[in-house]
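In: one predicted model, sequence on top.
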Amino acid sequence: MQTLILKKNTEQRLYQGHLWIYNNDLDNTQSPAKSFSAGEIVVVHTAQHRPLGLAYVNPRNLLMGRLLTRDVNVVIDTDFFVERITSALNLRERFFSEPFYRLIYSEADRIPGLIVDRYDDVLVAQFNTAGIEALRENILHALIAVLKPKTIILRNDSSSREAEELPKVVETVHGTAPEFLRVLENNTEFLVPALSGQKTGWFYDHRDNRARLNQFVKDKTVLDVFSYMGGWGVQALKHGAKSVLSIDSSEAALTQQIDNAKLNHVADRLQTSTADAFDHLTELSKQRQKFDIIILDPPALIKRRKDFHAGMQAYFHLNKMALTLLNPQGLLVSASCSQHLMPGELASAVQQIAEKAGRPARLIAEGHQGMDHPVHLSIPETQYLKALFVAFSGK
Ligand code: SAH
């Protein structure tokens, strides 16, 4: 194995439990980035030549390396992943009674670059780095040994693969893919097209936030913006909402949402609109429509730090429009999955909008990503999801 030597004082982050090595952390004279190949496993040394751990690297990415272990004597093989996957599974089994969850959340489960979502006996995985792609056979064998799944689907079409210069492919590598993935969440059943859903098919991360909202929806009119296949809206109907209007730009997602509503016998109270959310909210506002509950769950509007300003404007705009559509005693659920947006920043945006509108806002609850997306306390980047429950009480 080649040795990667760090610059002085860059090891601190790794000693504190972080797993990332950036391109400019390298001692470029002793171990130039270009001497490594994509996906290679290396021994990491501090500037004082103390062995620090094993990492995989990709010189093409600025985030060049991710530590796999602090033990330089470990062999990275199938058994290594059997241990890590078993540990991740044990954590899930402590908190979930049904086999529907994110099984492997990358760095937080100490398998950097790997996502695996579990849909009972179907696993859907994303190999997001060249390093984890190079270990694919070991990982697949380990997943089969630990979980004995019927099917493993690879949704290797994520945008993070671009930074690693990996091709985008969707393939079934074990068993045969069913037409639909079945999800059970908060007493509601969903079907998701197995090979063509967004990301791995389902957004498990909002489960607890949806459960919280389900408590307040009885007899309420609900607007579900960026609704995908009905994660929030169909559950709200199942829990007694009077009506739901769902907006999404994806016609396929809304068609499936209607089928999911039928599956739960609530389709008569669902309306869907295939549209750009920004345009459609403006239109609803012109029509002076009002709702008791509005959910804003957009895709990440700040994908990279340099998009912060433009993304922030979009959050402002969305929340402002939502407020014009909210009944005086309404509830706004304002979510963001942008890792670069801090919870306080989203709250402050909502606060400013509410004050300007003369409608003082009260934060009644603050939700995060669910327990199957644990936050690694040494890696702040593993925390990304926010869901603010903001109540208004009329003038
Ligand atoms: N709320 C969903 C997840 C949302 S993912 C759930 O709980 O499962 C983001 C969704 O926004 C996707 O379904 C995508 O199709 C949709 N989307 C992206 N850009 C959009 C836009 N400009 N207008 C409307 N929908 C959009």
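Out: Done, it's in. Numbers count the residues shown, from 1 in each chain.
In: how about stretch 85-98: buried residues?
Out: Using 16 or more other Cβ atoms under 10 Å as the test for burial, stretch 85-98 gives 85, 88-89, 91-92, 96. The C-beta positions use only the backbone N, C-alpha and C, and glycine is treated the same way.
In: ditto for stretch 255-270
Out: Buried, per 16+ other Cβ under 10 Å, within stretch 255-270: 256-261, 263-264, 266, 269-270.
In: looking at the stretch 1-150 of the chain, which residue is nearest the ligand?
Out: Residue of the stretch 1-150 of the chain nearest the ligand, by Cβ to the nearest ligand atom: residue 117 (12.8 Å).
In: and that residue, what does it touch?
Out: Residue 117 makes contact with 101-103, 123-125, 200-202, 204, according to Cβ atoms under 8 Å, 6 or more residues apart in numbering.
In: returning to that earlier point: which members of the buried residues of stretch 255-270 are the farthest-apart pair?
Out: For those, the farthest-apart pair by Cβ to Cβ is 256 and 269; their separation is 17.4 Å.
In: can you show me the CA trace of stretch 142-153 as PDB?
Out: Taking C-alpha atoms only, stretch 142-153 is exported to PDB below (Å, rounded to 0.1, in the frame of the first residue of the first chain):
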ATOM      1  CA  ALA A 142     -21.300  -8.700   3.200                       C
ATOM      2  CA  LEU A 143     -24.800  -7.300   2.600                       C
ATOM      3  CA  ILE A 144     -26.000 -10.700   1.400                       C
ATOM      4  CA  ALA A 145     -24.300 -12.500   4.300                       C
ATOM      5  CA  VAL A 146     -25.900 -10.200   6.900                       C
ATOM      6  CA  LEU A 147     -29.300  -9.500   5.500                       C
ATOM      7  CA  LYS A 148     -30.000 -12.400   3.000                       C
ATOM      8  CA  PRO A 149     -32.000 -10.000   0.800                       C
ATOM      9  CA  LYS A 150     -34.000 -11.200  -2.200                       C
ATOM     10  CA  THR A 151     -32.900  -8.300  -4.300                       C
ATOM     11  CA  ILE A 152     -30.100  -5.700  -4.400                       C
ATOM     12  CA  ILE A 153     -30.600  -2.700  -6.800                       C
END
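In: list the contacts for residue 206?
Out: 231-232, 297, 335, 367, 369-370, 385, 387.
In: would you say it is within a helix?
Out: Yes: applying DSSP: H, G, I helix; E, B strand; the rest coil, one finds residue 206 inside a helix.
In: restrict the contacts of residue 206 to those near the ligand?
Out: Counting by Cβ under 6 Å from any ligand atom, 231-232, 297 from the contacts of residue 206 sit close to the ligand.
In: and those, which are buried?
Out: 231-232, 297.
In: which among the residues you listed gets closest to residue 331?
Out: Nearest to residue 331 among these, with distances taken as Cβ to Cβ, is residue 232, at 12.3 Å.
In: so how far is residue 366 from residue 326?
Out: Residue 326 sits at a distance of 19 Å from residue 366 (criterion: Cβ to Cβ, to the nearest Å).
In: the more surrounded of those two?
Out: Of the pair residue 326 and residue 366, residue 326 is the one with more neighbours under other Cβ atoms under 10 Å, namely 22 against 14.
In: residues in contact with that one?
Out: Contacts of residue 326 by Cβ under 8 Å, 6+ apart are 290-292, 294, 332, 392.
In: now which of those residues would you call buried?
Out: The neighbour-count test (16+ other Cβ under 10 Å) marks 290-292, 294, 332, 392 as buried among these.
In: could you dump those residues into JSON lines with distance to residue 349 added?
Out: Listed next are the buried ones among the contacts of residue 326 as JSON lines, based on distance: Cβ to Cβ, whole Å:
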{"residue": "290", "distance to residue 349": "22"}
{"residue": "291", "distance to residue 349": "20"}
{"residue": "292", "distance to residue 349": "22"}
{"residue": "294", "distance to residue 349": "15"}
{"residue": "332", "distance to residue 349": "12"}
{"residue": "392", "distance to residue 349": "16"}
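In: ok, of those residues, which one's closest to the ligand?
Out: In terms of Cβ to the nearest ligand atom, no member of the buried ones among the contacts of residue 326 lies closer to the ligand than residue 294, at 12.4 Å.
In: so where's this structure uncertain?
Out: Applying pLDDT under 70 to the chain flags the ranges 395.
In: any residues of it in contact with the ligand? List them.
Out: 198, 203, 206, 226-228, 231-232, 247-250, 253, 276-277, 297, 299.
In: just the buried ones among those residues, please.
Out: Using 16+ other Cβ under 10 Å, the buried ones in the residues of the chain next to the ligand are 203, 206, 226-228, 231-232, 247-249, 253, 277, 297.
In: contacts only, for residue 226.
Out: With contact set as Cβ under 8 Å, 6+ apart, residue 226 has these partners: 247-248, 277, 296-299.
In: among these, which ones are in strands?
Out: Judged by DSSP state E, strands contain the following of the contacts of residue 226: 247-248, 296.
In: in the stretch 201-350 of the chain, what residue is nearest the ligand?
Out: Per Cβ to the nearest ligand atom, residue 231 is where the stretch 201-350 of the chain lies closest to the ligand, at 2.9 Å.
In: how is that residue assigned, secondary-structure-wise?
Out: Assigned with three-state DSSP, residue 231 falls in the coil class.
In: residue contacts, it?
Out: Contact analysis of residue 231 by Cβ under 8 Å, 6+ apart lists 185, 190, 202-203, 206, 210, 297.
In: also residue 252?
Out: By Cβ under 8 Å, 6+ apart, residue 252 lies in contact with 193, 196.
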